[in-house]
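[1] pasting the sequence and the predicted model now:
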Amino acid sequence: MIISNNKKRLLQHLQSFSDAINQTVVITMLATAFFCIGCHRNIQPSLSIRNTAAYAFARAEKYRQEGKFNRAILVYRQYINNHPDTEQAIIALSSIADIYSQKGEFKKALALYKTIDKNNPDYDAIPSIRYKIIMHLYLTGNYNDSITKATEWLGKYPSHPLTGQVMLVLMDDYASLGIWRKAFDCWEKAGKTLQDTPGNRAKLNSRIRKLLKDYEAYRSKRHRNEEPLDNWVLRARCFITPTNKTIKDNTGIVGCLLPLSGPFSVYGQSILNGIELGSGLITDSKENNSIVELDIKDTRGDPDQTVAALEKLVRTNRAMALIGPLSIKAAISAARKAQEEGIPIITLTQKDDIDKTGNMVFRNFISPVQEAKKLVFTAVNQLGIRRFAILYPKNRYGSFMMNCFWDILNKAGGTVTAVESYDPDATDFAIQIKKMTGMYYPRPIYTAHNTKQETNGKNKNNKAEPVIDFDAVFIPDNFETVAMIAPQLTYYDVKGVLLMGTSLWQSHKLIDLARDYVQGAIFTSGFYIDNNNALVQDFVKRYRANFGKTPDLMAAYGYDTIRFLRKVLNDKNIHTRTDIQNRLSQYCDFTGVTGQICLMQNREKGGNVHLFTIKGDKIVPFDYQHPLHSQMKPPVQNQGM
C-alpha cells in the first residue's frame with residue numbers, strides 16, 4: 001500500500017515524538033532521583049475492560065465467526081459465569097451448543113439445548129431451541145423421541161416459519177424406522193409449508209432423492225411383497241424432474257459465485273436471499289417479468305475455489321452471466337477468469353477499479369471513495385470537526401480506507417493527529433488506544449521546584465490522563481470489531497469524540513453488543529429499510545414475509561443486481577454473452593432499492609450513499625442538527641470537497 005509523503009512525514013513525526021519522550025523520560029528520571037524518593041505510577045484498576053459484558057460477548061462472537069471454536073466456547077462460558085441471569089447468557093449457551101453441533105458432538109449439543117428449554121420456557125426463541133432438540137434427537141438415533149417432540153412442536157407452533165424444517169426431520173425419523181408412507185407424507189407437507197425459493201427447492205430435491213434411494217434399497221432387499229407406494233414414488237419423481245418451460249431459451253442461466261460457508265457466509269447468504277427474491281422465482285411480487293434460472297456455487301471466499309466454480313459454470317453449465325463474488329481477492333481472480341472466458345460478470349466487491357480488468361467485468365456495490373467523501377464532508381462541513389484519529393485493521397481494506405479517508409480529509413482542510421493499526425484478529429486494543437492518547441509511554445516526572453507543573457497531565461488520584469487531541473475516530477472495520485473497540489475507548493477515558501465508520505457497521509448486532517458505547521456514532525450505507533419509497537417498502541415487506549427477518553445492505557444489492565440483469569436478459573435481441581456485455585455497458589435507466597444503477601466503465605458507481613447514526617436501540621438517518629450532534633462546533637465553509 002502506497003502512503004503519501006504527508007502521511008509518511010506524520011507517521012515518522014509520531015514515531016520520533018515517541019522516541020523523544022523515551023529519551024526525555026530516562027534523563028528526567030535520573031535527575032529527579034536526587035529530589036524525589038518513592039515516586040511511582042499507580043497500579044491499574046482491577047476492573048479490566050476484558051470483563052465488560054459487551055466486550056466479552058463480542059470477542060466470543062468474533063472467535064466463532066473465525067472458526068476458533070475452542071476459544072469461543074471458553075469466552076462464552078466466562079460470559080455466562082459473569083452474567084448468568086441475562087438473555088445474552090442464554091444466547092451464549094445456545095451458541096456453545098451450536099458449536100458442538102457443528103463439530104459433530106451431537107450429544108453435548110443436545111444436552112445444552114435441553115438445559116435451555118428446561119430453565120427458560122418463556123424465552124422468545126424457545127421454538128427454535130425445541131426444533132434443535134428434535135433435530136439432535138434424530139442425529140443421536142432417538143427416532144421415537146424425536147417423533148414425539150416433533151408432534152408436540154407442530155401442535156403448539158402450527159404457523160411457525162420452522163414448520164417445514166420440522167416436517168423434514170419427521171420425514172427422516174419415519175424413514176429411519178421404515179415407516180415409508182408417513183415419511184413421504186411428511187416430505188409433501190414440508191414442500192407445501194416451506195417458502196418457494198431455489199434454496200428450499202434444492203433442499204427438498206436433495207431430501208426426496210435420498211428418501212427414494214433408501215426406499216428402493218429397502219424394497220429391493222427383502223420387502224418386495226409389501227404393497228408398493230407407487231403413487232408417492234410417482235409424485236416424488238415428478239418433483240425432481242426439472243422442467244424449464246417457463247424460462248426463455250435465450251436467457252440461459254445466471255451463475256452466482258457466493259461465500260455460503262466460511263468466514264463471509266453471513267454476507268453471502270444475505271445476498272443470495274436478495275437474489276432469490278428478485279429473480280422471479282418467488283412469485284409474490286407485483287412485477288410480472290420473466291424469471292431467470294439460477295446456478296448457485298459456494299466459493300467459501302477462496303480465490304481458487306471461486307475460479308474452479310466459475311470454470312464449471314461457463315464450460316459445463318453454460319451460464320450466460322455471473323453475479324459475485326464479494327471479497328477483493330476472490331473478485332480479482334474471478335474478474336480475470338471471466339474476462340479470459342468471455343462471460344459478463346457483475347461483481348459485488350468494494351474494489352473500485354475492478355472493472356478495469358476488461359470489458360466483461362462490472363461492479364455494483366457501494367463505493368469506498370463515496371463513503372469516505374460522505375463522512376469527511378459531514379464531519380468537516382456540517383459538524384465543524386477538524387482533528388481526526390484513524391484506527392484501522394492492518395489488512396487490504398483497512399489500509400485502503402485509511403489512505404482514502406486521509407487523502408480526502410487533507411483536501412477538505414482536516415488534520416489527522418493520531419493513526420494506529422491493529423491485527424485483524426485482535427481482540428485487545430489497549431496498546432493502540434494508549435498510543436493514540438499519549439498514555440503508552442511514561443511521562444516526565446517534574447522536579448520539586450516545578451510545583452505548579454507536578455499535577456500536569458494527572459488527575460487527583462495521580463493517574464495519568466489521556467491527551468485527546470482529536471474530536472473524531474474513524475474505524476473502517478466490521479461491526480463485530482467495532483463492538484469490541486468502542487467499550488475499550490470508553491474504558492481508557494476517550495469520551496466525547498465522534499465514532500465514524502463505513503457500511504460494514506450496518507447491523508443491529510452492533511447495538512446488541514455495544515449499545516451504550518456507540519450512541520451518536522455515524523456510518524455510511526447504501527440502503528435504508530425505513531425509506532418511504534414504495535419500491536423499498538415492497539422489497540422490505542416481501543423479504544420479511546419470505547425469510548422472516550429484515551433485509552440488510554447485502555440483500556438489497558443482491559436484489560437490485562438480479563433485477564437489473566433480468567431487465568437486460570428480457571430484451572428479445574439478447575442471444576449471446578457478448579450481447580449481454582454490450583447491453584450492460586450501455587443501460588443506465590434502472591432504479592433499484594439502493595438507487596440508480598449504471599454499470600458503464602469509467603464511471604463512478606455504487607448508487608446513493610446515505611449516512612446513519614445510532615439513537616437508543618435504533619439505526620436512524622443522520623441529522624446534524626439533532627441534539628446528539630448539535631453540540632459539535634458550528635459548520636465551516638467547504639474547502640476543497
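    All right, it came through fine.
[2] break the protein down into its domains, please.
    With domains defined by automatic domain parsing, the chain comprises 49-240, 253-366+534-586, 369-525+611-630.
[3] would you format those domains as TSV with distance to Thr594, mean pLDDT and mean neighbour count included?
    Any C-beta I mention is one placed from the backbone N, CA and C, and that applies to glycine too. TSV is the format used below for the domains of the chain (distance: least, CB to CB, whole Å; pLDDT from 0 to 100; neighbours: other CB atoms under 10 Å):
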stretch	distance to Thr594	mean pLDDT	mean neighbour count
domain 49-240	21	82	17
domain 253-366+534-586	5	87	20
domain 369-525+611-630	9	86	19
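[4] which residues in the stretch 151-300 of the chain form strands?
    For the stretch 151-300 of the chain, applying DSSP state E, counting those that start in this stretch gives strands covering 253-258, 293-298.
[5] quick one: closest of those to Val380.
    Among the strands of the stretch 151-300 of the chain, strand 253-258 comes nearest to Val380, with 37.4 Å by CB to CB.
[6] report all helices and strands that the closest one contacts.
    helix 265-278, strand 293-298, helix 303-315, strand 319-323, helix 553-569 (3 or more CB pairs under 8 Å, 6 or more residues apart in numbering; DSSP states H and E).
[7] what pairs with that strand, parallel or antiparallel?
    strand 293-298 (parallel), strand 319-323 (parallel) (DSSP bridges).
[8] adding distance to Arg387, write those out as a markdown table.
    As requested, those are exported to a markdown table (distance: least, CB to CB, whole Å):
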| stretch | distance to Arg387 |
| --- | --- |
| strand 293-298 | 45 |
| strand 319-323 | 42 |
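[9] for Ile431, find the nearest of these.
    Among the strands paired with strand 253-258, strand 293-298 comes nearest to Ile431, with 37.8 Å by CB to CB.
[10] kindly format the C-alpha coordinates of that closest one as CSV.
    Output of strand 293-298 as CSV, limited to C-alpha atoms (Å, rounded to 0.1, in the frame of the first residue of the first chain):
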residue,chain,number,x,y,z
GLU,A,293,-32.6,-19.8,-13.8
LEU,A,294,-30.0,-19.6,-11.0
ASP,A,295,-27.0,-21.8,-10.7
ILE,A,296,-25.6,-21.2,-7.2
LYS,A,297,-22.0,-22.0,-6.3
ASP,A,298,-20.4,-21.8,-2.9
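[11] what is the distance between that strand and the centre of its chain?
    21 Å (CA atoms, centre = their mean, to the nearest Å).
[12] do a quick rundown of the helices in the stretch 301-450 of the chain.
    Under the criterion DSSP state H, counting those that start in this stretch, the stretch 301-450 of the chain carries helices at the ranges 303-315, 328-341, 368-377, 396-412, 430-436.
[13] quick one: which of these is nearest Phe622?
    Once the helices of the stretch 301-450 of the chain are compared by CB to CB, helix 368-377 is nearest, at 9.7 Å.
[14] so what touches the closest one?
    Identification of contacts with helix 368-377 by CB atoms under 8 Å, 6 or more residues apart in numbering yields 350, 352, 400-401, 404-405, 408-409, 412, 414, 474, 500, 502-503, 522, 524, 604, 606, 609, 611, 638, 641.
[15] run the angle between that helix and helix 396-412 for me.
    Angle of helix 368-377 versus helix 396-412, following axes from the mean of the first three to the mean of the last three CA atoms, to 10 degrees, is 50 degrees.
[16] so which of the domains of the chain is nearest Gln596?
    domain 253-366+534-586 (10.0 Å).
[17] gap between the two ends of the closest one?
    Terminal residues of domain 253-366+534-586 are spaced 21 Å apart (CA to CA, to the nearest Å).
[18] what separation do you get for the residue positioned nearest the centre of the chain and Leu260?
    Residue closest to the average C-alpha location in the chain (CA atoms, centre = their mean): Tyr267, at 4.9 Å. From Tyr267 over to Leu260 the distance is 10 Å, taken as CB to CB, to the nearest Å.
[19] and for Lys509?
    Going from Lys509 to Leu260 by CB to CB gives 20 Å.
[20] I figured Asp172 hits Tyr138, correct?
    Yes: the criterion here is CB atoms under 8 Å, and Asp172 meets it with Tyr138 at 5.7 Å.
[21] joint contacts of the two?
    By CB under 8 Å, 6+ apart, Asp172 and Tyr138 have no common neighbours.
[22] of all the strands paired with strand 253-258, which one is nearest Tyr517?
    Nearest to Tyr517, of all these, is strand 293-298, at 35.4 Å by CB to CB.
[23] by how many degrees do that closest one and helix 265-278 diverge?
    Angle of strand 293-298 versus helix 265-278, following the same axes, to 10 degrees, is 180 degrees.
[24] now the phi/psi pair for the closest residue to Ser421 other than its chain neighbours, please.
    Leaving aside its sequence neighbours, Ser421 sits nearest to Lys394 (CB to CB, 6 or more residues apart in numbering; 4.4 Å). Reported as degrees, to the nearest 10, the phi and psi values for Lys394 are phi -80, psi 70.
[25] so Lys394 sits against Tyr422, correct?
    Yes: between Lys394 and Tyr422 there is a contact under CB under 8 Å: 6.4 Å.
[26] tell me the contacts of the closest residue to Lys103 other than its chain neighbours?
    Of all residues not flanking Lys103 in the chain, Phe69 sits nearest, at 6.4 Å (CB to CB, 6+ apart). Residues counted as contacts of Phe69 (CB under 8 Å, 6+ apart) are 63, 99, 102-103.
[27] same question, Arg336
    Contacts of Arg336 (CB under 8 Å, 6+ apart): Thr357.
[28] show me where the stretch 401-550 of the chain has strands.
    Assigned by DSSP E, counting those that start in this stretch, the stretch 401-550 of the chain shows strands spanning 415-422, 472-474, 498-501, 522-525.
[29] so what are the sheet partners of the shortest one and their directions?
    If I follow you right, that is strand 472-474. Paired with strand 472-474 in the same sheet, following DSSP bridges, are strand 387-393 (parallel), strand 498-501 (parallel).
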